[in-house]
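[1] With the sequence up front, the predicted model follows.
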Amino acid sequence: MRKAVIAGWIVELAGIILWTYGYFVIGSPSFIDWAAHAPWLIADFLPNRESEIGMVLVLVGMVPIYWPRGS
């Protein structure tokens, strides 16, 4: 495995842990008012700042995992 793939998995797992923490614990208010700008499902899925940061880490961690490999 490449080092970038391992780093991607570590970042993604950190994001999952942070999102889970933010989903189940009442934290700080979110960066974006999801209830006003998105359907209720997204507003319930991202209730606070911790869950938003965790979701961003999950998405960023997927980039090196699925990036096409060179020869």
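    Sure, I can see it. Residues are numbered from 1 along each chain as shown.

[2] Can you give me the end-to-end span of stretch 23-34?
    Counting by C-alpha to C-alpha, to the nearest Å, the length from the leading to the trailing residue of stretch 23-34 is 14 Å.

[3] what's near enough to touch V11?
    Counting by C-beta atoms under 8 Å, 6 or more residues apart in numbering, V11 touches 57, 60-61. Using the backbone N, CA and C atoms, a C-beta is placed for each residue, glycine as well.

[4] got it, and V25?
    Contacts for V25 (C-beta under 8 Å, 6+ apart) come out as E50.

[5] Inside helices: which ones of the contacts of V11?
    57, 60-61 (DSSP state H).

[6] Let's have those residues in JSON lines, adding distance to A35 and pLDDT.
    Shown next, in JSON lines, are these (distance: C-beta to C-beta, whole Å; pLDDT from 0 to 100):
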{"residue": "L57", "distance to A35": "23", "pLDDT": "96"}
{"residue": "V60", "distance to A35": "25", "pLDDT": "96"}
{"residue": "G61", "distance to A35": "27", "pLDDT": "95"}
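
[7] ok, of these, which come out buried?
    Buried positions within those, assessed by neighbour count (16 or more other C-beta atoms under 10 Å), are 57, 61.

[8] okay, the ones in helices among the contacts of V11 in JSON lines with distance to R2 next?
    Shown next, in JSON lines, are the ones in helices among the contacts of V11 (distance: C-beta to C-beta, whole Å):
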{"residue": "L57", "distance to R2": "19"}
{"residue": "V60", "distance to R2": "17"}
{"residue": "G61", "distance to R2": "14"}
